[in-house]
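[1] pasting the sequence and the predicted coordinates here, then a few questions.
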Amino acid sequence: MPATYTPSSDLLSYAGRAMHDIGMAGLFGGQLFGRVALHPAVTEISDERERGAVVNRAWRRYGVINGVGLLAVTAGWIGARVGEAKDRNLTARERTLAHVKDALVATTFVAGAANAIEGVRFAAAAPNGAVPLADGDHAAPAASDRQRKLKQRLNRLSVVTIGAELGVVAINAALAQSGFREAPAKRLLRRGR
């Protein structure tokens, strides 16, 4: 059956794409800010436990944005894959990119959810999230073995999450560029099949 698009489905696609992109911006931007700015900056706080409380409070607040971002990215891509980004509507190159993006979005979702769960567990390892921290990335010597292990696991998950998010951003760019390389008439003819 040929793919047909109506103005209302186009608007839904635009909204889905915007939701997906805004979600990615929130996810990747938050991770980048946390790792590059927040985590090093808390060393200005002299008390190790207060550092932990501040870091955990900040991530707890940002957790809402991360959660909404994960849902938006995942739902936006699933919506595209059941609609205009079905394999039959894509060139061979676009299909390959879409399959890579499938894996990256799934990895982003799973790693992001695991990161959130571990973040909550880490914050709960001390009253008010006041786990002793040397900086935002490392437990202080006063931290318990459990707290250190939780922080190390959280750091590893964060690296996986950032990598997957960066991969989604790169694949989005490749898919967008691929769409510009194909002549609009040829794309319409292919969709009409």
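    Received it, and whenever you're ready, just let me know what you need.

[2] can you map out the helices along this protein?
    7-33, 39-41, 48-82, 92-123, 145-181, 184-191 (DSSP state H).

[3] tabulate those helices (TSV), appending mean pLDDT and distance to Pro132.
    C-beta: built from backbone N, CA, C; applies to glycine. TSV is the format used below for those (pLDDT from 0 to 100; distance: least, CB to CB, whole Å):
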stretch	mean pLDDT	distance to Pro132
helix 7-33	85	23
helix 39-41	95	15
helix 48-82	94	4
helix 92-123	95	12
helix 145-181	92	7
helix 184-191	52	57
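
[4] what is the burial count for Pro132?
    As a burial measure, Pro132 scores 19 neighbours (other CB atoms under 10 Å).

[5] may I have the phi/psi pair for it?
    Pro132 has phi and psi values of phi -60, psi 120 when expressed as degrees, to the nearest 10.

[6] OK, contacts around it?
    48-49, 51-52, 126, 139-143, 147 (CB atoms under 8 Å, 6 or more residues apart in numbering).

[7] go again using 6 Å as the cut-off
    The neighbours of Pro132, taking CB atoms under 6 Å, 6 or more residues apart in numbering as the test, are 48-49, 52, 140, 142-143.

[8] among these, who's most crowded?
    Gly52 leads these on contacts (other CB under 10 Å) with 29 neighbours.

[9] from Ser144, how far off is that residue?
    12 Å (CB to CB, to the nearest Å).

[10] go on, Ala106?
    With CB to CB as the criterion, Ala106 and Ser144 are 34 Å apart.

[11] Ala72 too?
    From Ala72 to Ser144 the distance is 36 Å (CB to CB).

[12] what does stretch 17-29 rub up against?
    65, 69, 72-73, 76, 165.

[13] nearest to Gly16, of those?
    Checking the contacts of stretch 17-29 against Gly16 by CB to CB gives Gly76 as the nearest, at 4.7 Å.

[14] quick one: contacts for the closest one?
    16, 19-20.

[15] go with 7 Å
    16-17, 19-20, 23 (CB atoms under 7 Å, 6 or more residues apart in numbering).

[16] buried subset of those?
    16-17, 19-20, 23 (16 or more other CB atoms under 10 Å).

[17] make a markdown table from these and add distance to Arg121 to it.
    Shown next, in a markdown table, are the buried ones among the contacts of Gly76 (distance: CB to CB, whole Å):
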| residue | distance to Arg121 |
| --- | --- |
| Gly16 | 33 |
| Arg17 | 34 |
| Met19 | 29 |
| His20 | 29 |
| Gly23 | 24 |
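
[18] out of the residues you listed, the closest to Ile171 would be?
    His20 (11.8 Å).

[19] how much space separates that closest one from Pro40?
    Applying CB to CB to His20 and Pro40 gives a distance of 30 Å.

[20] and for Lys149?
    Counting by CB to CB - Lys149 and Pro40 are separated by 22 Å.
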